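K.L.:
let me see the structure of the following:
(chains A and B)
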Amino acid sequence: MSEALHVHHDTAVGHDVHHDDHGHHHQSFISKYIFSMDHKTIGKQFLITGIVWAIIGGLFSVLFRLQLGFPGQSFPILETFFGHWAKGGTIQPEFYYALVTMHGTVLVFFVLTAGLSGTFSNFLIPLQIGARDMASPLMNMLSYWFFFMASIIMISSLFIQTGPASGGWTMYPPLSALGQASDGSKLGADLWLISMALFIVSQLLAGLNYISTILNMRTKGMSMTRMPLTIWALFFTAVLGVLSFPVLLSGAVLLLFDRNLGTSFFLSDIVVNGQILPNEGGSAILFQHLFWFLGHPEVYIILLPAMGMCSEVLSVNSRKPIFGYMAMLGSMFAIAILAFLVWAHHMFVTGLNPFLGSVFVLLTLLIAVPSAIKVFNWLTTLWRGNIRFTPAMLFAIGFVSLFISGGLTGIFLGNSTIDIHLHDTMFVIAHFHIVMGVASMFGMFAGIYHWFPKMFGRYLNNTLAYFHFWVTIIGAYLIFWPMHYEGLAGMPRRYLDKSIWVSFNQFGSLDQMITIVTVIVFAVQLMFVFNFFYSIFKGRKVTSTNPWGATTLEWTTPILPGHGNWTGEIPEVHRWPYDYGKDGREFIPQTEPIGANESKH
Amino acid sequence: METVAMNQIEKKKLHPHKFTLWVAIASILMMFAGLTSAFIVKSNLVGWKDIEIPGIFWVSTGVILVSSLTIQMALRSFRQREMSQYRLLMGITFVLGTLFVILQWIGFNKLWDQGIQFSGSAGAGQFLYVIFGAHALHVIGGIVALAIMFVKAFFGKIKLYSAVPVEVMSTYWHFVDILWLYLLVFFLIIG
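P.N.:
Next up is the predicted model:
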């Protein structure tokens, strides 16, 4: 009796919604698939929108790699598709800068923020904590549709005459503030800012929901320290987002004022084309502070979900408990705190006070401690495990590999003295693409391969999956490893054509190789997309509720759960989520009460 | 017995909607923290111009303080199920909120006529428009929510007994009130 009461009270919100439409009547197509309030459908909407964005953003990188690998060479097919942007088949400077800017914007925000944490927070939080839905399904739906509107506006900026924003994904003023300065800073920059404002609203609505769902709607017995690490990671992600995105919003609003109303928040003493602007007293560095106060936590907003999901996948497929659960929690907490205290390490060369710089160096290098703890725990989880090399497992191991090799170069860059040499070189590109971009992408793939059976009731094709993994990991290293050498030699990032520097001529063939591998890796990602959509409809069907032999709650639901997730009562939780290989049993689900003679873990 | 104990534990837990509101408040605070710290950074740079806060902002301060009082009284009447009084007080709060926004608008116009405008060199005035404007938008958001609750209190077909929506509303309203006091004091001391 008391249990029933408890469950009902705990899920009061989800329950009311659930009573109306669970199993009693058929929903229309629109309320089921389009304006859905079911967290699982919203998660899939985020995922599919994210995939579309990833194809667009990935294609952009292929295009500008063509220019970097083969500077000035003509590819007539480009003119067919892009017209005056690729006059004579060569990528024009404006086009190149637009591509670079949009690649960054799309991948960082639309794919690895919305596509990654949007998908898996929505999908996994209620399923893994034992809730029928989010705390506010309506806000959840709104969060997707704000994201969708942001997407539409950002896409529309690709099709306007003057092109999309092209001042770099960081949108530093004064370049981004002055339409006279570049074509991309005309209408494109306004659309960029409006789109990002909507995106921020979407992320705030989503983040509020994730936090209050995790803290308020856990099922009976699901104490905070019995939550899977995935949920902890998604929780810290949401906290970071809720506290840092508003600051970017204020920066974006001020920039919109500067652009359209003539204010001087970021502008001072500027002469463009011989014309003296009236702006005085503004500070461009101020924008960098506001931007990176979001921008650095953003790195962990991207990375933490991948960390959490890989922890889960590694433990499930090693058939071993995660090593150091509390240490994992503590290090994620430390990362979340430090994330707010290191933003100025992006600004070492802006004339930052060297003493202040040294404080930021110290705080930055401190992040190595929790990161190393996490890596150690992943490796010891794998150590002597009974490893099943499922595609998800391979991607999770790949994530650990990339996180190590990309993280180590962070120690170079975190030192302000070395950063003076390496700042704005290809070394930075190599560092953050490996540790943040590709690593989080691997986390996302691990998540998709692992939870695809729960999402669609079918498996992805394994042969294509293994091919996808090996080409992607080898390709990722072939693309980004050589960039370290280029960067150490001083080769700048963002430049259209470096061929006039004799000192960089030695890298010509290396750049060609990178470009060719980029094209191959991109093609294999398209193969993954094919596998994804094909398997939704034609994949091998899942026949058991718990195909991976996992302990967590999402595998106690029906193979294709309806709105409300569990057909009966929400199960009660009696143990932590990592009882693998215990007392001679392969795994013990969280729902099983602790036995009388059970050993302690 | 066990059920009673359970209920007591449950009562300590915050309702998810109220909790969401508190997180949202933290989030909104971060935005204003970003704006006001930008103000501090900029006020130390060359070309900065200070301003005198027009007296009308003191009137609007009084208005929003009174509205905080009325919404608290509205919450109390809702809890005591005195619905006509509740409707009256919600209506007064709505009017006071609208009056506040109008007064802010008049204040902006006064400043504008003094020559403190968007274009040209930086100064506290440009920040004032952005920061007070952003605050006014948050008040307008509250007014819209108030209006919806007000209409529901008159025409709603379903009788609501849960005080949670009213509590959420009043907490938010107090928040924009306190936020306004912070912003005003901030401009008085630093601006």
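
K.L.:
the closest residue to A:Ser371 other than its chain neighbours: which element?
P.N.:
Taking C-beta to C-beta, 6 or more residues apart in numbering or on different chains, and ignoring the residues beside it in sequence, A:Ser371 has A:Gly407 as its nearest neighbour in space, at 5.5 Å. In this view, the C-beta of every residue, glycine as well, is placed from N, C-alpha and C. Taking DSSP states H and E as the criterion, A:Gly407 maps to helix A:391-414.

K.L.:
mind giving me the packing neighbours of the helix or strand just after that helix?
P.N.:
Counting by DSSP H and E, the element after helix A:391-414 in chain order, helix or strand, is helix A:416-422. Counting contacts by 3 or more C-beta pairs under 8 Å, 6 or more residues apart in numbering or on different chains; DSSP states H and E, helix A:416-422 is packed against helix A:354-366, helix A:391-414.

K.L.:
run the chain-centre distance for the longest one.
P.N.:
Yep, that's helix A:391-414 we're talking about. From the chain centre to the centre of helix A:391-414 is a distance of 15 Å (C-alpha atoms, centre = their mean, to the nearest Å).

K.L.:
tell me which residues of that helix come out buried.
P.N.:
A:391-407, A:409-410, A:412-414 (16 or more other C-beta atoms under 10 Å in any protein chain shown).

K.L.:
which residues touch the residue in the stretch 151-300 of chain A that chain B sits nearest to?
P.N.:
At 2.8 Å from chain B, A:Gly281 is the closest residue in the stretch 151-300 of chain A, using C-beta to the nearest C-beta. Counting by C-beta atoms under 8 Å, 6 or more residues apart in numbering or on different chains, A:Gly281 touches A:264, A:268, B:42, B:45-48, B:121-123.

K.L.:
which SS class is it?
P.N.:
Here A:Gly281 is recorded as coil under DSSP: H, G, I helix; E, B strand; the rest coil.

K.L.:
am I right that the residue nearest to A:Ser371 is in contact with A:Val369?
P.N.:
No - using C-beta atoms under 8 Å, A:Gly407 makes no contact with A:Val369, being 11.6 Å away.

K.L.:
of the contacts of A:Gly281, buried ones?
P.N.:
Taking 16+ other C-beta under 10 Å as the criterion, what is buried in the contacts of A:Gly281 is A:264, A:268, B:42, B:47, B:121-123.

K.L.:
grab the nearest non-local neighbour of whichever residue of chain B sits closest to chain A.
P.N.:
Chain A sits closest to B:Gly47 of chain B, with a gap of 2.8 Å, by C-beta to the nearest C-beta. In space, and not counting its chain neighbours, B:Gly47 is closest to A:Gly281: 2.8 Å by C-beta to C-beta, 6+ apart.

K.L.:
ok, which pair from the buried ones among the contacts of A:Gly281 is furthest apart?
P.N.:
Greatest spacing in the buried ones among the contacts of A:Gly281, by C-beta to C-beta: A:Ser268 and B:Gly123 (12.5 Å).

K.L.:
on that earlier part again, using the three-state scheme, assign the residue of chain B closest to chain A.
P.N.:
coil.

K.L.:
cool, and B:Met73?
P.N.:
Secondary structure of B:Met73, per three-state DSSP, is helix.

K.L.:
just to revisit the earlier point, pipe the buried ones among the contacts of A:Gly281 into CSV and attach pLDDT and secondary structure per row.
P.N.:
Putting the buried ones among the contacts of A:Gly281 into CSV (pLDDT from 0 to 100; DSSP: H, G, I helix; E, B strand; the rest coil) gives the following:
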residue, pLDDT, secondary structure
A:Ser264, 88, coil
A:Ser268, 87, coil
B:Lys42, 86, helix
B:Gly47, 75, coil
B:Ser121, 76, coil
B:Ala122, 76, coil
B:Gly123, 81, coil
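
K.L.:
okay, those in JSON lines with distance to A:Asn546 next?
P.N.:
Listed next are the buried ones among the contacts of A:Gly281 as JSON lines, based on distance: C-beta to C-beta, whole Å:
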{"residue": "A:Ser264", "distance to A:Asn546": "61"}
{"residue": "A:Ser268", "distance to A:Asn546": "62"}
{"residue": "B:Lys42", "distance to A:Asn546": "58"}
{"residue": "B:Gly47", "distance to A:Asn546": "66"}
{"residue": "B:Ser121", "distance to A:Asn546": "67"}
{"residue": "B:Ala122", "distance to A:Asn546": "62"}
{"residue": "B:Gly123", "distance to A:Asn546": "64"}
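
K.L.:
how many residues are close by A:Gly549?
P.N.:
15 (other C-beta atoms under 10 Å in any protein chain shown).

K.L.:
again with the one 5 residues further on
P.N.:
Residues contacting A:Glu554 under the criterion other C-beta under 10 Å number 22.

K.L.:
wait, it touches A:Gln128, no?
P.N.:
Yes - in this structure, A:Glu554 is within contact of A:Gln128 by C-beta under 8 Å, at 5.5 Å.

K.L.:
follow-up on the earlier one: in TSV, list the helices and strands packed on helix A:416-422 along with distance to A:Thr213.
P.N.:
Output for the helices and strands packed on helix A:416-422, formatted as TSV (distance: least, C-beta to C-beta, whole Å):
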stretch	distance to A:Thr213
helix A:354-366	31
helix A:391-414	25
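
K.L.:
can you lay out the ones you listed as a markdown table showing mean pLDDT?
P.N.:
Formatted as a markdown table, these follow (pLDDT from 0 to 100):
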| stretch | mean pLDDT |
| --- | --- |
| helix A:354-366 | 94 |
| helix A:391-414 | 96 |
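
K.L.:
A:Ile129 versus the spatially closest residue to A:Thr425 that is not a sequence neighbour, what's the distance?
P.N.:
Residue nearest to A:Thr425 in three dimensions, not counting chain neighbours: A:Gly487, with 3.8 Å by C-beta to C-beta, 6+ apart. Using C-beta to C-beta, to the nearest Å, one obtains 43 Å as the distance from A:Gly487 to A:Ile129.

K.L.:
and for the residue nearest to A:Lys541 when sequence neighbours are not counted, the neighbour number?
P.N.:
Of all residues not flanking A:Lys541 in the chain, A:Arg458 sits nearest, at 5.6 Å (C-beta to C-beta, 6+ apart). By the criterion of other C-beta under 10 Å, A:Arg458 has 19 neighbours.

K.L.:
again, but for A:Trp555
P.N.:
Applying other C-beta under 10 Å, I find that A:Trp555 has 22 neighbouring residues.

K.L.:
same check, this time on A:Lys600
P.N.:
5.

K.L.:
that one should be in a strand, yeah?
P.N.:
No - counting by three-state DSSP, A:Lys600 falls outside a strand, being coil.

K.L.:
show me what the biggest helix by length in chain A is packed up against.
P.N.:
Longest helix in chain A by number of residues (criterion: DSSP state H): helix A:284-318. The criterion is 3+ C-beta pairs under 8 Å, 6+ apart, and the helices and strands that helix A:284-318 contacts are helix A:119-129, helix A:229-261, helix A:325-339, helix A:368-382, helix A:391-414, helix A:439-456, strand A:580-582, helix B:16-43.
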